[in-house]
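>>> From the sequence below, what's the structure:
(4 chains)
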4 protein chains.
Amino acid sequence: MAEIAELTAAVREFSQERDWEQFHDPKSLVLALVGEVGELAELFQWVPAAEAAERFSAPERRARAAEEMADVLVYLVRLADVLGVDLGAAARAKLADSHRRFPAAAHHGVAPHKA
Amino acid sequence: MAEIAELTAAVREFSQERDWEQFHDPKSLVLALVGEVGELAELFQWVPAAEAAERFSAPERRARAAEEMADVLVYLVRLADVLGVDLGAAARAKLADSHRRFPAAAHHGVAPHKA
Amino acid sequence: MAEIAELTAAVREFSQERDWEQFHDPKSLVLALVGEVGELAELFQWVPAAEAAERFSAPERRARAAEEMADVLVYLVRLADVLGVDLGAAARAKLADSHRRFPAAAHHGVAPHKA
Amino acid sequence: MAEIAELTAAVREFSQERDWEQFHDPKSLVLALVGEVGELAELFQWVPAAEAAERFSAPERRARAAEEMADVLVYLVRLADVLGVDLGAAARAKLADSHRRFPAAAHHGVAPHKA
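Residues are numbered from 1 along each chain as shown, chains lettered A, B, ... in the order given. Have a look, this model is predicted:
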């Protein structure tokens, strides 16, 4: 079984064992995801942008960031499971789409614009 | 290669081909992640909570949600790559930790409390 | 002086007294705002949607929500100050614009659609 | 009437005229707030941190940021109204609390730590 599907199954089983599926409607899971993204943002908020990568190369800080990113991923796969979405396939499709929308030559060195 | 590592490599290559690595410092990637989570939230905001799962079982809506979740995952793996974090391993470690912190018997049917 | 301008001045003075202005570039402030919104989201995540308003009418819970909302507002006025934005005027302009875009008769009982 | 209370009353009236109060349960409003914060984040995501303040001093960009910040404020006052929270008072109480928790001398030039 593919890695994301395995993780999805493990999170589902964890939820079922605790009878927590009742809490996992889509809106609640999006809010939980937002909470974890907020914790991730807090780690970086006051770090100077130019120093962030280096400062987070220290083992303790990297581990803290890894933990918050893991929380985000766990809720993301749980949401995908509840919605019947194949997250791995969706990510590959999105990347293929980005290849079409942003030909490398035309977008070299230019950040995609958000209007 | 494991699925998340494959996706990570594909997103990295995509970024390199466009010379977009210059934009991918950690704070910028967290902001990009926030933007995608915001788009995901907007899909659900006015849908009654009790009807969300059913409404998003319609193919078009499910595809829209899948797309936004894919965007979140793409930026998450990109951030993990920039920080040198093994995202798959971090998620498995987090889940193992949750098994320890929330024994099934003691937490059956009770949502974990956020103080 | 209007209330939002007063609050803006108080937050600016607080920042100046601590020499924290150096941390308050726009991207850092948006990340701080995201962190507080995440804490607000966590308060509500596992509360059944239909019971949320009632449960948060309890004084302690209402006070917790008030605190997180206050944090969001404080960073929002700080960001507006750094960007030279008149937040009160912007909100009034936005509301006037919403009156034009969503005539009451045409949008009665229909949630605005996010495509 | 104070400015935030006036804005709150205006947003409430706007919601009532459109019969949109039915959509404004707390969780939905937090998701709407998240959506607007996401749009705000997208404006800044690829702008180099050191140039963000200057780039957003251009009238068009400042107006775009003002608009997104206004959206955040509108949903924030709406949420406060639904929860019976006096947002202006909460912000002043929070600032008073921050004065106590962060004496200027002890915290001069040091960003508050998020563990």
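>>> need the longest helix for chain A.
helix A:59-83 (DSSP state H).
>>> Show me which positions of it end up buried.
A:61-62, A:64-83 (16 or more other Cβ atoms under 10 Å in any protein chain shown). Where C-beta positions appear, they are placed from N, C-alpha and C, glycine not excepted.
>>> cool, stretch A:43-54 as well?
Across stretch A:43-54, burial judged by 16+ other Cβ under 10 Å covers A:43, A:44, A:45, A:46, A:47, A:48, A:49, A:52, A:53.
>>> ok, back up a step: is the longest helix of chain A in proximity to chain D?
No - if you take Cβ under 8 Å from any Cβ of the partner chain as the test, helix A:59-83 misses chain D, and the best it gets is 8.7 Å.
>>> now that helix: mean pLDDT?
Helix A:59-83 shows a mean pLDDT of 98.
>>> Can you list the helices and strands that that helix packs against?
helix A:3-17, helix A:26-44, helix A:87-101, helix B:59-83, helix B:87-101 (3 or more Cβ pairs under 8 Å, 6 or more residues apart in numbering or on different chains; DSSP states H and E).
>>> ok, now which ones touch the residue most central in space within chain A?
The centroid of chain A falls nearest to residue A:73 when counting by Cα atoms, centre = their mean (4.4 Å). Residue A:73 is in contact with A:7, B:73, B:76, B:87, B:90, B:91, counting by Cβ atoms under 8 Å, 6 or more residues apart in numbering or on different chains.
>>> OK, contacts around the residue nearest to the fourth one when sequence neighbours are not counted?
Pointing back at residue B:87 there. Spatial nearest neighbour of residue B:87, excluding adjacent residues (Cβ to Cβ, 6 or more residues apart in numbering or on different chains): residue B:80 at 4.1 Å. For residue B:80, the contact set (Cβ under 8 Å, 6+ apart) comprises A:66, A:69, B:8, B:86, B:87, B:90.
>>> Try it again at 10 Å.
Going by Cβ atoms under 10 Å, 6 or more residues apart in numbering or on different chains, residue B:80 touches A:65-66, A:69-70, A:72-73, B:4, B:8, B:11, B:29, B:86-88, B:90.
>>> One more: residue A:63?
Shown in contact with residue A:63 (Cβ under 10 Å, 6+ apart): A:56, B:85, B:90, B:93.
>>> Just the buried ones among those, please.
Among the contacts of residue A:63, those scoring as buried are A:56, B:85, B:90 (criterion: 16+ other Cβ under 10 Å).
>>> where in chain A is pLDDT low?
Applying pLDDT under 70 to chain A picks out residues A:1, A:114-115.
>>> near chain D, which residues of it show up?
Contact residues, chain A versus chain D (Cβ under 10 Å from any Cβ of the partner chain): A:25, A:27-28, A:30-31, A:33-34, A:37-39, A:41-50, A:52, A:64, A:110-115.
>>> so which of the contacts of residue A:73 comes closest to chain C?
residue B:76 (14.7 Å; Cβ to the nearest Cβ).
>>> Can you name the residue of chain A nearest to chain C?
Closest point on chain A to chain C, by Cβ to the nearest Cβ, is residue A:38, at 1.4 Å.
>>> and the nearest residue to that residue once chain neighbours are set aside, how many residues sit next to it?
By the measure of Cβ to Cβ, 6+ apart, the closest residue to residue A:38 outside its immediate chain neighbours is residue C:38, 1.4 Å from it. By the criterion of other Cβ atoms under 10 Å in any protein chain shown, residue C:38 has 26 neighbours.
>>> Identify the residues contacting residue C:38.
Counting by Cβ under 10 Å, 6+ apart, residue C:38 touches A:31-42, B:34, B:37, C:68, D:34, D:37.
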